[in-house]
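Colleague: Any chance you can model this:
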Amino acid sequence: MSILQTLASRSGRLVSLEFGSRDGGRRLVKPRRKAPTPRSRLTILGTALVLAYSVIGGKLIYYGVHGDPSTSAILPKPSSVASRPDILDRNGELLATDIRTVSMFAEPIKIVDVDDAVEKLATVFPDLDKRSTFQKLSNRRSHFAWLKRQLSPKQQSEVLKLGIPAIGFRPEVKRFYPGGRTAAHILGYVDIDNHGVSGMEKYLDDQGLSALASTGLTIAGSLEPVKLSIDIRAQNAVHDVVADAIGRYQAQSAGAVILDIYTGEVLAMASAPDFDPNDPQADGDKGWLNRMSNGTDEMGSVFKTFSIAMAIDTGKIKLSDTFDASTPLHYGGFTIHDDRDVPRRVLSIPEIFRYSSNVGTAKMMDVVGMDIQKEYLTRFGLLSKMQTELPEVKAPSQPRVWKKINSLTAAFGHGVATTPMQTAVAGAALLDGGELIEPTFLPRTREEAAETEQPVVKKSTSDTIRYLFKLNGEQGTGRTADVPGFHVGGKTGTANKVIHGVYSHKLSFNSFLAGFPMQNPRYVVLSFVDQPLTGLQNLNFAAQTAAPMVADIVKRVGPILGVQPDFGQNLLVGY
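Modeller: Residues are numbered from 1 along each chain as shown. A predicted model of the protein is given here:
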């Protein structure tokens, strides 16, 4: 039977009816399609390629204009990068500033060859931690990973030449300190995210800078510079002398400070060992401790200054009084004795100060009494934590329970440990007519200082201390601090170090509390040397170590601070 074809329309398609199937029925049969020609295949393929490249090109144009959402969502805009105000010295010299830099990041999810990327980066950064970098780049789920912070322009250029895909750069700011170590313990430093860690940098954050940064208001150029009280010229001199003292006297540490006695301004302060705030991790943690304000030690005979001041101020002792220092003083199983250079005889108050007699000072304090002694030491700020802007301030230590033996030894500086800075502040009060002014690292006028000063002794007592400083500077242990024309006076202190609970007879903490010019004191200088092994004439007492440091400082800073040299005769005439 012949096959009859008919046209039927079913869903718009042509079909044929085939008769004579095995089951006697009929079924629909689709007609065979004509095979595509080679030309049609090429047309289809070309169209697909054009569409694919159009999509890719569109994406690239979008990312070029708007950025990749996976990255732009993580990175802040350049304008919102946190900045810090410049820090200046009292004369406007730059101490700290922000510089523009970039940090390198990667998008691991887009890295094609991790091994190749790590090897290429290592050619630019020899210190690159390859294992850590490999782990970061191998995290295929990560859209962002820091690789290197705060690159130099040269490093950025070299990385760009490597042509590694998925490596980008974020604009940031880096804190820069032009003076390096010069004022490290005053300025402090910041962390990798430009947050203050110590010093005045931390003080600024604590005053609200960190809060501003969190709101995005600390963009570059939006903050006024912060001016400090220090004079970078004087700071350079002090830093040089302090750093040199460690090597010269083979000491563990050294430090010094200059205070304006009428305003309480810190004009210079240095502590060594120190660190470079541009790279604070370079020296480990050896130089981070600011021993001027954050380290306490027994100040030794420097404390005789305060003992005599309180004794005179109470009226219980007169400058003309005498005490027998011919033999050691025995009390409760303890023996107080003088150094071999102290005359074994009856001594006047000026002689007790000049010869630094422990026996004479202890007997004098026995007359004053322990309660009055503690009251005056508290007035002087020597038994409480010093108040200033610098965050690194340590509280002094004293006996938990004061007994009479504690009172006698504290009279000459044993048993009470204070910071060198607060000792200098108390000394400044005794030269400033008896007015205690808390120290500041910010500019302050005399009028502003007068609003905060606290009287601690009478003016007549201050005049007495000035006289004793002059006496010791011209005739006593302070002679090694003398600078012709500037008339330096003061009191030395050589305190035996406490090693494992026992006073050492070899190791000492040496200090010198000085004022200048003594004809009309304006500045207090305190220096210290910890555990010196040698000094002038191969001696390691304060007169051969700490006092010469003050002489070196005054020689350099006297003219800088505008002190007029006076080459007159002996200043003790008239006393």
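Colleague: and the closest residue to Asn510 other than its chain neighbours, what does it touch?
Modeller: Counting by Cβ to Cβ, 6 or more residues apart in numbering, Ala542 is the residue found nearest to Asn510 once chain neighbours are left out, at 3.9 Å. In this view, the C-beta of every residue, glycine as well, is placed from N, C-alpha and C. For Ala542, the contacting residues are Gly300, Ser301, Thr477, Thr492, Gly493, Thr494, Ser508, Asn510, Ser511, Phe512, Val529, by Cβ atoms under 8 Å, 6 or more residues apart in numbering.
Colleague: so can I have JSON lines of these showing pLDDT, secondary structure and distance to Val457?
Modeller: Output for the contacts of Ala542, formatted as JSON lines (pLDDT from 0 to 100; DSSP: H, G, I helix; E, B strand; the rest coil; distance: Cβ to Cβ, whole Å):
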{"residue": "Gly300", "pLDDT": "96", "secondary structure": "helix", "distance to Val457": "21"}
{"residue": "Ser301", "pLDDT": "97", "secondary structure": "helix", "distance to Val457": "19"}
{"residue": "Thr477", "pLDDT": "93", "secondary structure": "helix", "distance to Val457": "23"}
{"residue": "Thr492", "pLDDT": "97", "secondary structure": "strand", "distance to Val457": "22"}
{"residue": "Gly493", "pLDDT": "97", "secondary structure": "strand", "distance to Val457": "20"}
{"residue": "Thr494", "pLDDT": "95", "secondary structure": "strand", "distance to Val457": "25"}
{"residue": "Ser508", "pLDDT": "95", "secondary structure": "strand", "distance to Val457": "29"}
{"residue": "Asn510", "pLDDT": "98", "secondary structure": "strand", "distance to Val457": "26"}
{"residue": "Ser511", "pLDDT": "98", "secondary structure": "strand", "distance to Val457": "21"}
{"residue": "Phe512", "pLDDT": "98", "secondary structure": "strand", "distance to Val457": "21"}
{"residue": "Val529", "pLDDT": "98", "secondary structure": "strand", "distance to Val457": "29"}
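Colleague: Can you say which of those are buried?
Modeller: Gly300, Ser301, Thr477, Thr492, Gly493, Thr494, Ser508, Asn510, Ser511, Phe512, Val529 (16 or more other Cβ atoms under 10 Å).
Colleague: how much space between the residue nearest to Asn510 and Val238?
Modeller: For Ala542, the distance to Val238 (Cβ to Cβ, to the nearest Å) stands at 18 Å.
Colleague: Check Met518 too.
Modeller: Computed as Cβ to Cβ, the Met518 to Val238 distance reads 20 Å.
Colleague: Which one of these two is surrounded by more residues?
Modeller: Val238 (28 against 23; other Cβ atoms under 10 Å).
Colleague: Nearest spatial neighbour of the more buried one, chain-adjacent residues omitted?
Modeller: Here the residue nearest Val238, using Cβ to Cβ, 6+ apart, is Ala268, at 4.1 Å.
Colleague: How about residues contacting the host helix or strand of the one you found?
Modeller: Per DSSP states H and E, Ala268 falls inside strand 266-272. Contacting residues not belonging to strand 266-272 are listed as 90, 182-183, 185-186, 229-231, 234-235, 237-239, 241-243, 245-246, 253-260, 287, 289-293, 295, 421, 439-441, 523, 557, 561 [Cβ under 8 Å, 6+ apart].
Colleague: re the thing from before, which of the buried ones among the contacts of Ala542 sits closest to Thr452?
Modeller: Set against Thr452, the nearest of the buried ones among the contacts of Ala542 by Cβ to Cβ is Ser511 (26.3 Å).
Colleague: List the residues that contact the closest one.
Modeller: Contacts of Ser511 (Cβ under 8 Å, 6+ apart): 299-300, 302, 420, 423, 492-493, 495, 526-529, 542, 546.
Colleague: switch to 7 Å and redo it
Modeller: Met299, Gly300, Val302, Pro420, Gly493, Leu526, Ser527, Phe528, Ala542, Ala546 (Cβ atoms under 7 Å, 6 or more residues apart in numbering).
Colleague: and what of Thr182?
Modeller: Counted by Cβ under 7 Å, 6+ apart, Thr182 has contacts Gln235, Asn236, His239.
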